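**Q** sequence and predicted structure, then a few things I'm wondering about:
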Amino acid sequence: MSEDKVVKLGAKREKVEKNKQNDELVYCSFCGRPNTQVLKMVQGPGVNICSECAMIAVQYLILNDRMPSVEAQQILDAFWGKAR
């Protein structure tokens, strides 16, 4: 698994390789935190989302159905550190 903190979606491999050497700060478009304060950052065309905001979005989408599946609830519990 890659240890890069910033993952670019739709970027050509050459551009990703160049970015590995660049220690540029990348900010989450949702919470505003830089890539140095989050686990991972995903960059899209004109927008970035950190792993924490992505999980909040996933949790919202799952809970929007009011009854998460057992598997979905296990993922949420694991992410938020809840032991069953």
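**A** Thanks, I have the structure now.
**Q** got the contact list for stretch 52-67?
**A** Residues from elsewhere that reach stretch 52-67 (CB atoms under 8 Å, 6 or more residues apart in numbering): 28, 30-31, 33, 38-39, 42, 49, 68, 72, 76, 79. Any C-beta I mention is one placed from the backbone N, CA and C, and that applies to glycine too.
**Q** where's the dip in pLDDT among those?
**A** Looking at the contacts of stretch 52-67 by pLDDT, the weakest one is Pro68, with 66.
**Q** what's the least confident helix or strand in the chain, going by average pLDDT?
**A** Taking mean pLDDT, DSSP states H and E as the measure, helix 13-21 is the helix or strand of the chain with the lowest mean score, a mean of 46.
**Q** can you pull out the helices in the chain?
**A** 13-21, 51-63, 70-80 (DSSP state H).
**Q** next, the angle helix 51-63 makes with the last one.
**A** Think helix 70-80. Here helix 70-80 points in a direction 150 degrees away from that of helix 51-63 (axes from the mean of the first three to the mean of the last three CA atoms, to 10 degrees).
**Q** need the contacts of stretch 52-67 in JSON lines with distance to Met55, can you?
**A** As requested, the contacts of stretch 52-67 are arranged in JSON lines below (distance: CB to CB, whole Å):
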{"residue": "Cys28", "distance to Met55": "12"}
{"residue": "Phe30", "distance to Met55": "11"}
{"residue": "Cys31", "distance to Met55": "12"}
{"residue": "Arg33", "distance to Met55": "14"}
{"residue": "Val38", "distance to Met55": "11"}
{"residue": "Leu39", "distance to Met55": "10"}
{"residue": "Val42", "distance to Met55": "12"}
{"residue": "Ile49", "distance to Met55": "10"}
{"residue": "Pro68", "distance to Met55": "13"}
{"residue": "Ala72", "distance to Met55": "12"}
{"residue": "Leu76", "distance to Met55": "8"}
{"residue": "Phe79", "distance to Met55": "5"}
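**Q** show me the two of the residues you listed that sit farthest apart.
**A** With distance counted by CB to CB, no two of those lie farther apart than Arg33 and Pro68, which are 26.4 Å apart.
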